[in-house]
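Colleague: Next one to model:
(chains A and B)
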2 protein chains.
Amino acid sequence: MRATYLLGDCAVELREVPDPVLLEPTDALVDITASCICGSDLHHYHGPAVAARPIGHEFVGRVAEVGSAVSTLKPGDFVIAPFTINCGSCEFCLQGLTTSCLRAGSWGRTNSRDSACQAEAIRVPLADGTLFKVDAAVDDALLPSLLALSDVYGTGYHAARSAGVREGDTVAVIGDGAVGLLAVLAASQLGAERIILMGRHADRTDLGREFGATDVVSERGEEGIATVREMTGHGAGKVLEAVGLLPAFEQAIGIVRPGGTISRVGVPQYATGPVGREFFGPNVTLTGGVAPVRSYIGDLLPGVLEGRANPGRVFDSVLPLDRVAEGYAAMEARTCLKVMLRG
Amino acid sequence: MRATYLLGDCAVELREVPDPVLLEPTDALVDITASCICGSDLHHYHGPAVAARPIGHEFVGRVAEVGSAVSTLKPGDFVIAPFTINCGSCEFCLQGLTTSCLRAGSWGRTNSRDSACQAEAIRVPLADGTLFKVDAAVDDALLPSLLALSDVYGTGYHAARSAGVREGDTVAVIGDGAVGLLAVLAASQLGAERIILMGRHADRTDLGREFGATDVVSERGEEGIATVREMTGHGAGKVLEAVGLLPAFEQAIGIVRPGGTISRVGVPQYATGPVGREFFGPNVTLTGGVAPVRSYIGDLLPGVLEGRANPGRVFDSVLPLDRVAEGYAAMEARTCLKVMLRG
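Modeller: I've put the predicted structure just below:
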């Protein structure tokens, strides 16, 4: 089969590799229908050259074969795979914090393992706990939104849910990438009355408005903070930070209302930051983290199947797998928002 | 009247000063029955020498005179004063976040204002919103616990409440000062099943056990972290940090369970700190802040009046006001936990 290998230094390569095989009785093999490129893949892509390794952690597909201990899946099942491997039965999985699974750990299926999914097929460890079976007919129109459930939709939802967004809230979303836009969608679904999207790419913020943003603020830094404070009086009660860079975190602190909450889903690219009196004086809460998307699929799938939510709109480019390098280049150049790869 | 003046460089002085007078129609004058010395006063006490200024922000007393716009209080009323001035009617006061009062602001009655309370009498601005009237007979036995409601009991309660402590929780409390001990009491009142108190002063942790601590850990740093992790398996779900120093914050991060909450009520003595992947990976929430104690007095007073809670036990020394300097020296030397001053 063919699989994408990361080389670093702005290069990926589609290689012919052996087909995956079952290694553990809890494994399943999945033929990948569609996968996609994540903003976090880009960090590795434009990073330094590395020893070639498979890449990709978001996919949907059909089960091809299951190990002897897999009990809930059978060949032919259509499945959504969250971006982490989960056992489904440890205390953290049972409480919904699948990213802290004791058997697979956070970021279980990291890019350095054999299980990477910008490929034609994949071996999925702990398949019963990891894969979510879709009991519905799947057609091409539905595919992007199902694929979004493997990461970005659940991650945007995690931002809003961790922040406790509810009916009538004023929410600010920092970042107009796929996760930020889906945080807008999630905030809207949870009943936010006002959703201020902070982003500078008009085509993206236009989609954000369709997802429910009531206002768009294109300024950043001090200027952006001043604008949001002026719009809201004392700041936004819930701030969803979907970037991960220190200036975005500082911007979140600048626009949050006293007693409010900052919820982060952009992986912090900083080790230390302001965490003293900016938080303490106004009683600001900091929450969020790596999204346990596996535990959200069940909540979010009905809206997708019933056509109430269309998170797949974040995929503005669909490429066959053999054009994966083009997909990386386009996302790197920001000429597209998010690339879907057909397996 | 006599009032305590801070000089810095480990000195305070009781001075004869003019009696306070009403300056605004919303003011009240209060004859102070008892006040106390706060850990935060000590920061100024052992800090550099300063121009003499009045000090103290926790007191109970009897209303002596009210301004023409004061409607809920009359001379003779016994009142508890929270450590901030609150208007009681702005949007933040109405939502219970009295420390973000729009008229008085956080830390409204700072030590640099005329209104300081290690004195015989005080002028209280915005008296209707600030003072809490006690509709019960007050005797000497009750006095320490009523005084504790002006700061330390409400602050400990804020730690537990912000963390969302509830029935069955495992809670760790960092710090065996008055606030840490009262965080133990509050966690116990909120139903925590296991309360691990981290502190090294046996006389204090003994009181912590009486307040509800089920375990005491005297080790700090890596050793303390290892002990708590071993005791709890994956850490404490709720960590109440009542110190404010960076090592205590790091200790909190070390002992919190994935998906858990760190609630701070010790004023951070650091501007930046670890706030990246330690929080993000395990989905740890950071909350707490300056306690809006005014809004908690109504919840906590019944327990005190009915004898169910005795937070006043943190006062292990009672001195007449003219021995205030002795009180500071004792708290500085840690020969006593918290000093009550009789007005």
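
Colleague: OK, contacts around the closest residue to residue A:292 other than its chain neighbours?
Modeller: Closest residue to residue A:292 apart from its sequence neighbours, by Cβ to Cβ, 6 or more residues apart in numbering or on different chains: residue A:98 at 4.2 Å. Every residue, glycine included, has its C-beta placed from N, CA and C. By Cβ atoms under 8 Å, 6 or more residues apart in numbering or on different chains, the residues touching residue A:98 are A:82, A:84, A:86, A:88, A:92, A:129, A:292, A:293, A:294, A:295.

Colleague: ok, so what distance separates residue A:98 from residue A:294?
Modeller: Separation of residue A:98 from residue A:294 (Cβ to Cβ, to the nearest Å) stands at 4 Å.

Colleague: shared neighbours, those two?
Modeller: Listed as contacting both residue A:98 and residue A:294 by Cβ under 8 Å, 6+ apart are A:82, A:84, A:86, A:129.

Colleague: Next, residue A:291: secondary structure please.
Modeller: At residue A:291, secondary structure determined by DSSP: H, G, I helix; E, B strand; the rest coil is coil.

Colleague: I'd guessed it sits against residue A:153; true?
Modeller: No: here residue A:291 does not reach residue A:153: they are 9.6 Å apart, not a contact under Cβ atoms under 8 Å.

Colleague: Which residue of these two possesses the greater neighbour count?
Modeller: residue A:153 (32 against 27; other Cβ atoms under 10 Å in any protein chain shown).

Colleague: Which pLDDT value goes with the closest residue to residue A:182 other than its chain neighbours?
Modeller: Among residues not flanking residue A:182 along the chain, residue A:156 sits closest, at 3.0 Å (Cβ to Cβ, 6+ apart). Residue A:156 is assigned a pLDDT of 98 by the prediction.

Colleague: List the residues that contact whichever residue of the stretch 51-200 of chain A sits closest to chain B.
Modeller: Residue of the stretch 51-200 of chain A nearest chain B, by Cβ to the nearest Cβ: residue A:100 (3.8 Å). By Cβ under 8 Å, 6+ apart, residue A:100 lies in contact with A:92, A:106, A:292, B:258, B:259, B:282, B:283.

Colleague: Next: residue A:193.
Modeller: Counted by Cβ under 8 Å, 6+ apart, residue A:193 has contacts A:167, A:168, A:169, A:170, A:214.

Colleague: residues in chain A within reach of chain B, list them.
Modeller: Counting by Cβ under 8 Å from any Cβ of the partner chain, the residues of chain A close to chain B are A:91-92, A:95, A:97, A:99-100, A:106-107, A:162, A:234, A:249, A:258-259, A:264, A:267-268, A:270-277, A:279-290, A:292.

Colleague: Mind checking which of those are buried?
Modeller: Applying 16 or more other Cβ atoms under 10 Å in any protein chain shown to these, the neighbour count classes A:92, A:97, A:99-100, A:106-107, A:162, A:234, A:249, A:258-259, A:264, A:267-268, A:270, A:273-277, A:279-290, A:292 as buried.

Colleague: Give me the subset of these that lies in strands.
Modeller: A:258, A:259, A:264, A:273, A:274, A:285, A:286, A:287, A:288 (DSSP state E).

Colleague: how far away is the second one from residue B:86?
Modeller: Same thing as residue A:259. 14 Å.

Colleague: One more: the fifth one?
Modeller: If you measure residue A:274 against residue B:86 using Cβ to Cβ, the figure is 27 Å.

Colleague: in stretch A:69-80, what counts as buried?
Modeller: Under 16+ other Cβ under 10 Å, the buried positions of stretch A:69-80 are A:70, A:73, A:77, A:78, A:79, A:80.

Colleague: Can you list which of these are found in strands?
Modeller: Judged by DSSP E, the buried residues of stretch A:69-80 include A:78, A:79, A:80 as members of strands.

Colleague: my guess is the second one meets residue A:133, correct?
Modeller: By that I understand residue A:79. Yes: here residue A:79 reaches residue A:133: they are 5.5 Å apart, a contact under Cβ under 8 Å.

Colleague: Find residues that contact each of those two.
Modeller: Taking Cβ under 8 Å, 6+ apart as the criterion, residue A:79 and residue A:133 both touch residue A:73.

Colleague: what's the lowest-pLDDT member of the contacts of residue A:100?
Modeller: residue A:106 (42).

Colleague: On the pLDDT front, check the residue nearest to residue A:292 for me.
Modeller: For residue A:98, pLDDT reads 94.

Colleague: Roughly how far does it sit from residue B:236?
Modeller: 21 Å.

Colleague: Neighbouring strands - and their directions - for the helix or strand harbouring residue A:262?
Modeller: Taking DSSP states H and E as the criterion, residue A:262 maps to strand A:256-264. Its sheet considered, strand A:256-264 pairs with strand A:236-241 (parallel), strand A:285-288 (parallel) by DSSP bridges.

Colleague: closest one to residue B:336 among those?
Modeller: Closest to residue B:336 of the strands paired with strand A:256-264 is strand A:285-288 (Cβ to Cβ; 34.5 Å).

Colleague: Any buried residues in the helix or strand just after the closest one, and which?
Modeller: Moving toward the C-terminus from strand A:285-288, the next helix or strand (DSSP H and E) is helix A:297-305. Neighbour counts over helix A:297-305 (16+ other Cβ under 10 Å) mark A:297, A:300, A:301, A:303, A:304, A:305 as buried.

Colleague: which strand residues sit across from residue A:171 in the sheet?
Modeller: Under the criterion used here (DSSP bridges), residue A:171 is bridged to residue A:195, residue A:238.

Colleague: ok, and for stretch A:192-201, which residues are buried?
Modeller: For stretch A:192-201, a neighbour-count test (16+ other Cβ under 10 Å) marks A:192, A:194, A:195, A:196, A:197, A:198, A:199 as buried.

Colleague: Sketch out the low-pLDDT regions of the stretch 1-150 of chain A for me.
Modeller: A:105-114 (pLDDT under 70).

Colleague: just the strands in it please.
Modeller: Remark: strands assigned in the stretch 1-150 of chain A by DSSP state E, counting those that start in this stretch are A:2-6, A:12-16, A:28-36, A:53-54, A:59-66, A:78-81, A:121-124, A:132-133.

Colleague: Show me what the last one pairs with in its sheet, parallel or antiparallel.
Modeller: Put plainly, it is strand A:132-133. Strand pairing (DSSP bridges) places strand A:132-133 next to strand A:78-81 (antiparallel).
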